[in-house]
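Visitor: Pasting a predicted model and its sequence here:
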Amino acid sequence: DSGVTQTPKHLITATGQRVTLRCSPRSGDLSVYWYQQSLDQGLQFLIQYYNGEERAKGNILERFSAQQFPDLHSELNLSSLELGDSALYFCASSAEGHPGANVLTFGAGSRLTVL
Amino acid sequence: ELKVEQNPLFLSMQEGKNYTIYCNYSTTSDRLYWYRQDPGKSLESLFVLLSNGAVKQEGRLMASLDTKARLSTLHITAAVHDLSATYFCAVDRGGSEKLVFGKGTKLTVNP
């Protein structure tokens, strides 16, 4: 157990629907990252939050949004789902803000299947 | 835009053999990470390399970093089946270019 908790582990839904993925970071970590892993695109950085504020944005579609709450858990909202959104979505956390390496600790992932 | 390239993408090797996975990146950085992913599982941090010439070793795996050549290597010594996994390198320039991953090298070690 990495200490990063993601729910749900598996999710099957239909095109056009909306889903929410949830992540609780490792205790003490202020940064949360979302990554999408698919066979064709590999691991793509979506977005990062640090202590409730958006810190960096990657290849995140406009249909997707995220937020980090005061208790530091984060949610990734995916709407108007398309077949191509089927992927494994990872949340990771780090104690960014400290000097030195920024090692990410990954959760187990949420596997989204859009039918 | 930071690009990270790994090769080979697929590697099938026999137990007991040695091999090296290469990771090239396109822009200046001195923070490079190696991760391991087992099928259907999460990513696990293996090594963190923070300076030119850094070398880290854990068991049969050794990672090194040459920031001038923008190259990191992951060397496998006397491979065993348990090393079968996908290995990712990732580079961090900080700022808005968060950890950028290579496509991964799927390693299969055959008995």
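Guide: Sure, I can see it.
Visitor: partners of the helix or strand bottoming out on mean pLDDT in chain B, with directions?
Guide: Every helix and strand in chain B was compared by mean pLDDT, DSSP states H and E; the lowest is strand B:100-101, with a mean of 90. Strands that pair with strand B:100-101, judged by DSSP bridges, come out as strand B:85-91 (antiparallel).
Visitor: So what's the model's average confidence on the very next helix or strand once past the least confident helix or strand of chain B?
Guide: Beyond strand B:100-101 in the direction of the C-terminus, DSSP states H and E gives the next helix or strand as strand B:105-110. Averaging pLDDT along strand B:105-110 gives 95.
Visitor: Name the residues that touch strand B:105-110?
Guide: B:6-15, B:21, B:76, B:79-88 (CB atoms under 8 Å, 6 or more residues apart in numbering or on different chains). For glycine as for every other residue, the C-beta is placed from the backbone atoms N, C-alpha and C.
Visitor: and the residue nearest the centre of chain A, what does it touch?
Guide: With distances taken as CA atoms, centre = their mean, the residue of chain A nearest its centroid is residue A:34 (2.9 Å). Counting by CB under 8 Å, 6+ apart, residue A:34 touches A:23, A:45-48, A:60, A:66, A:74, A:76, A:89-92.
Visitor: host element of it?
Guide: Here residue A:34, judged by DSSP H and E, is contained in strand A:31-38.
Visitor: what residues does chain B put near chain A?
Guide: Residues of chain B lying close to chain A by CB under 8 Å from any CB of the partner chain are B:31, B:33, B:35, B:41-45, B:48, B:50, B:88, B:92, B:94-104.
Visitor: Excluding chain neighbours, give the residue nearest to the residue nearest to the centre of chain A in space.
Guide: In space, and not counting its chain neighbours, residue A:34 is closest to residue A:46: 4.2 Å by CB to CB, 6 or more residues apart in numbering or on different chains.
Visitor: Direction included, what does the helix or strand containing the one you found pair up with?
Guide: Taking DSSP H and E as the definition, residue A:46 sits inside strand A:42-50. Using DSSP bridges, strand A:42-50 pairs in its sheet with strand A:31-38 (antiparallel), strand A:53-57 (antiparallel).
Visitor: do stretch A:86-97 and chain B meet?
Guide: Yes: using CB under 8 Å from any CB, stretch A:86-97 reaches chain B at A:90, A:92.
Visitor: Would you mark the buried spots in that stretch?
Guide: Within stretch A:86-97, the residues that count as buried by 16 or more other CB atoms under 10 Å in any protein chain shown are A:86, A:87, A:88, A:89, A:90, A:91, A:92, A:93, A:94, A:96.
Visitor: Could you check how far the second one is from chain B?
Guide: What it means is residue A:87. 13 Å (CB to the nearest CB, to the nearest Å).
Visitor: Contact partners for that residue?
Guide: Contacts for residue A:87 (CB under 8 Å, 6+ apart) come out as A:36, A:37, A:38, A:111, A:112.
Visitor: just the third one next, same as before
Guide: With contacts taken as CB under 8 Å, 6+ apart, residue A:88 has the following neighbours: A:36, A:37, A:38, A:109, A:110, A:111, A:112.
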